[in-house]
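> Show me the folded form of this:
(chains A and B)
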Amino acid sequence: QSALTQPPSASGSPGQSVAISCTGTSSDVGGYNYVSWYQQHPGKAPKLMIYEVNRRPSGVPYRFSGSKSGNTASLTVSGLQAEDEATYFCSSYGGNNNYVFGTGTQVIVL
Amino acid sequence: ELHLVQSGSEVKKSGESLTISCKASGYDFRTYWIAWVRQMPGKGLEWMGFIYPADSDARYNPSFQGQVTMSVDKSLSTAYLQWNSLKASDTAMYYCARGGWSTTAPFDPWGQGTLVTVSS
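Numbering: from 1, shown residues only, chains lettered A, B, ... in the order given. A predicted model of the protein is given here:
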């Protein structure tokens, strides 16, 4: 199963919004509502930010939101803050007990 | 509080064997899938597979099938990832993460990672 496609980088000024896309196929992103997003700061373990396309775990700020249309999922960070600067990975269940991650997007806060 | 604590960094030579561990606490270890994820230096995340501790049912990413072995010790609430013959290309950070009751669940929380360095 091929990695999901994400843009290498995205940027925005503090207070602005940034959206990151995650493109897969009908066998993964398009076929299931099991898309998750993870935040990884340098040298740290990933942290779950969004699951099942648009659900936020307890403790994740409301400014993080997720959506999906067809084979593409998106993560939007509204009201960008300095601490949001990190790499974000999407993931999707791919059927037959398989999982696939995205290529990762580095978010830069200008 | 949920915690996954992984074993420390390892430096090995090609051809050597290795087992790294992931100790869980704060929940019923037996009934949640445990996933293993590889991150090569400067690269993205790769799902290696997951294992269900209650019955050691293991599902592997085809890319890792035959290259590694996942196992658990329920009495110690610990999951293991094993290599029989390391290669330089196994140099990476390895994370364990808790899944859910089903294989569709997200991974949360994650262990702190185990850095494996293999010299040729």
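> any chance you could map the strands in the chain?
I'll assume chain A. Under the criterion DSSP state E, chain A contains strands at A:9-12, A:18-23, A:35-40, A:47-50, A:64-69, A:72-77, A:86-93, A:99-101, A:105-109.
> To clarify, I was referring to chain B.
Under the criterion DSSP E, chain B contains strands at B:3-6, B:10-13, B:18-25, B:34-39, B:45-52, B:57-60, B:69-73, B:78-83, B:92-98, B:114-119.
> in its sheet, what does the second one sit against?
Think strand B:10-13. strand B:114-119 (parallel) (DSSP bridges).
> dump the residue contacts of the spatially most central residue of chain B.
Centrality entry for chain B: nearest residue to the mean C-alpha point is residue B:36, 3.5 Å, by C-alpha atoms, centre = their mean. For residue B:36, the contact set (C-beta atoms under 8 Å, 6 or more residues apart in numbering or on different chains) comprises B:47-50, B:68, B:70, B:79, B:81, B:94-97. Heads up, the C-betas are built off the backbone N, CA and C, glycines and all.
> Burial check on the nearest residue to it once chain neighbours are set aside, number of neighbours?
Closest residue to residue B:36 apart from its sequence neighbours, by C-beta to C-beta, 6 or more residues apart in numbering or on different chains: residue B:48 at 4.3 Å. Using other C-beta atoms under 10 Å in any protein chain shown, residue B:48 has 22 neighbouring residues.
> What distance do you get for residue B:48 to residue A:13?
Plainly put, residue B:48 is 38 Å away from residue A:13 if you go by C-beta to C-beta, to the nearest Å.
> Up against chain B, what does chain A have?
Residues of chain A lying near chain B by C-beta under 8 Å from any C-beta of the partner chain: A:1, A:3, A:32, A:34, A:36, A:38, A:45-48, A:51-52, A:57, A:89, A:91, A:93, A:97-104.
> quick one: the residue nearest to the centre of chain B from chain A, how far?
11 Å (C-beta to the nearest C-beta, to the nearest Å).
> Show me what that residue bridges to in the sheet.
Going by DSSP bridges, residue B:36 forms beta bridges with residue B:49, residue B:96.
> What pLDDT does the model give it?
As predicted, residue B:36 sits at a pLDDT of 98.
> Then the one 5 residues further on?
Per-residue pLDDT puts residue B:41 at 96.
> so what's it up against?
The contact partners of residue B:41, taken as C-beta under 8 Å, 6+ apart, are B:91-93.
> 10 Å instead?
Going by C-beta atoms under 10 Å, 6 or more residues apart in numbering or on different chains, residue B:41 touches B:91-93, B:115, B:117.
> cool, and residue A:50?
A:35-39, A:56-57, A:60, A:64-67, A:73-76, A:88, A:90, B:106.
> Could you do residue B:92 as well?
The contact partners of residue B:92, by C-beta under 10 Å, 6+ apart, come to B:37-41, B:43, B:46, B:113-118.
> and of those residues, the nearest to residue B:57?
Proximity of the contacts of residue B:92 to residue B:57 (C-beta to C-beta) peaks at residue B:37, which lies at 18.4 Å.
> so what's the residue nearest to that closest one when sequence neighbours are not counted scoring on pLDDT?
Distances taken as C-beta to C-beta, 6+ apart put residue B:95 closest to residue B:37, at 4.5 Å, once the chain neighbours are dropped. Residue B:95 carries a pLDDT value of 98.
> so how far is residue B:15 from residue A:38?
Distance of residue A:38 to residue B:15, given as C-beta to C-beta: 34 Å.
> So for those two, which residue has more residues nearby?
Using other C-beta under 10 Å, the more surrounded residue of residue A:38 and residue B:15 is residue A:38, with 28 against 11.
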